[in-house]
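S.K.: Have a look at this fold, sequence not included:
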């Protein structure tokens, strides 16, 4: 099949569009052959490890409700208030001569490929993708722990702060306290119990009445079964070392805050004890900062984005302060052993055969900016989704009209008619109720 982004060819004897065998179709056939061979290799490894054959991912039928898709409109609204020195400003943009592809597959998967990717934890499109990927990796690790009956505990670390203290001051103290507590706890447990602590850590924050509130979510794991006494010793050591590190920096740890631990049900990956969490899944509580909301009126990153969309100057200022402080800093941290285990588990999983995504619509630099400005990403993705899944002559004609318009539009690199083309595309999509 031809790629939808290329100009269609017409038969001399018929006015209907005739698909042609292009380089793209040959490429997809080669990719499919490679995937079949790779699946066979993974099946052999899975049998050798004795793992169940599971699907690595499940297609989400409600793709429009995913955070990364909704983030396209959020980014369009906040881009104009972001300072040029913050890399989120350029996320999703494309240079002259390059293209952004709206892709879809027969299995119902839809996405946007191409353009600049900032990979920032402050970006409404990149942050949810990073969180989802990391959460899936944590699920793989927890699967090993459930199967082997190993010990794991979920913890949260906080420290005292006040509204008079800056983000940089509080944040730097938290980072340093965590570094000291982690090293001292690992050494103490190794010395007393002869056990190696495996740690998965994620930095999180909210903005509240007392200013910037940094905190960390982490999983403490032991690659073996341990006694209740040993588990109590590990958690008590964590609390002692955390308190000592915080006090050494001139701060306090209250009885209500400080460091808390929650028991985890590995059979479901959920919390057993009550916990002030927006999700019961451990994996998303550890890494899902972009999809959570703050408690008791506190602002999380999603709340900051909503404030920026409304022009809230306070939210805009906080966003820039956080973006500049977080630049170059590590938000996630996983020890080498857990990373190796995650790769082993992922390699043992046999992926379900899925149809590859194909480029349906190609957007040049001018088209991309107009599509974002007029919030036409999701309507175009709906059309691409219908074309690849349900089909039909009406949908085929609509897609052909859009392809024809974009092909003409992309040839005009000067961008003098961008507004006219953008208005025409928007009128078509609104008339089709997309």
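M.R.: Cool, got the structure. This one's a predicted model, so the numbers in the text were calculated from it and none came from an experiment.
S.K.: Without its sequence neighbours, what residue ends up closest to residue 222?
M.R.: In this structure, residue 222 finds its nearest non-sequential neighbour in residue 151, 4.5 Å apart by Cβ to Cβ, 6 or more residues apart in numbering. C-betas here are computed from N, CA, C, even on glycine.
S.K.: Was I right to think that neighbour contacts residue 227?
M.R.: No - at 9.3 Å, residue 151 does not count as touching residue 227 under the criterion of Cβ atoms under 8 Å.
S.K.: and these two? which has more neighbours close in?
M.R.: residue 151 (20 against 10; other Cβ atoms under 10 Å).
S.K.: Quick one: end-to-end distance for stretch 117-131.
M.R.: 15 Å (Cα to Cα, to the nearest Å).
S.K.: May I see the buried residues of that stretch?
M.R.: 118, 120-131 (16 or more other Cβ atoms under 10 Å).
S.K.: just stretch 419-429 next, same as before
M.R.: The neighbour-count check on stretch 419-429 (16+ other Cβ under 10 Å) flags 421, 422, 425, 426, 428, 429 as buried.
S.K.: Among those, which one lies nearest to residue 66?
M.R.: Closest to residue 66 out of the buried residues of stretch 419-429 is residue 429 (20.5 Å), distances taken as Cβ to Cβ.
S.K.: what about residue 162, neighbour count?
M.R.: Using other Cβ under 10 Å, residue 162 is surrounded by 9 other residues.
S.K.: Kindly list the main-chain dihedrals of it?
M.R.: Backbone torsions for residue 162, taken as degrees, to the nearest 10, come to phi -140, psi 160.
S.K.: Could you do residue 113 as well?
M.R.: Torsion angles, degrees, to the nearest 10, at residue 113: phi -120, psi 140.
S.K.: is it true that it touches residue 99?
M.R.: No - contact status for residue 113 versus residue 99: not in contact, 9.3 Å apart, counting by Cβ under 8 Å.
S.K.: ok, the two, which is more surrounded?
M.R.: The residue with more neighbours, out of residue 113 and residue 99, is residue 99; 20 against 11, by other Cβ under 10 Å.
S.K.: wait, what's in contact with the more buried one?
M.R.: 5, 114, 362, 363, 364, 410 (Cβ atoms under 8 Å, 6 or more residues apart in numbering).
S.K.: quick one: which of those residues is nearest residue 338?
M.R.: residue 114 (32.6 Å).
S.K.: What is the burial count for the nearest residue to the closest one once chain neighbours are set aside?
M.R.: Using Cβ to Cβ, 6+ apart and skipping the chain neighbours, the partner closest in space to residue 114 is residue 100 (4.2 Å). Neighbour count for residue 100, taken as other Cβ under 10 Å: 23.
S.K.: Please name the bridge partners of residue 100.
M.R.: residue 363 (DSSP bridges).
S.K.: which stretches of this protein aren't confidently modelled?
M.R.: Scanning the chain for pLDDT under 70 picks out 1-65, 254-257, 265, 267-285, 287-297, 350-353, 413-415.
S.K.: okay, which residue is most central for it?
M.R.: Centroid-nearest residue in the chain, with Cα atoms, centre = their mean: residue 129, separated by 1.8 Å.
S.K.: What strand or helix carries that one?
M.R.: Using DSSP states H and E, residue 129 maps to helix 126-148.
S.K.: Over to residue 252?
M.R.: With DSSP H and E as criterion, residue 252 is part of no helix or strand.
S.K.: Quick check: closest non-adjacent residue to it.
M.R.: Per Cβ to Cβ, 6+ apart, closest to residue 252 is residue 160, 4.3 Å.
S.K.: quick one: the one you found and residue 242, what's the gap?
M.R.: 12 Å (Cβ to Cβ, to the nearest Å).
S.K.: Residue 417 now?
M.R.: 61 Å.
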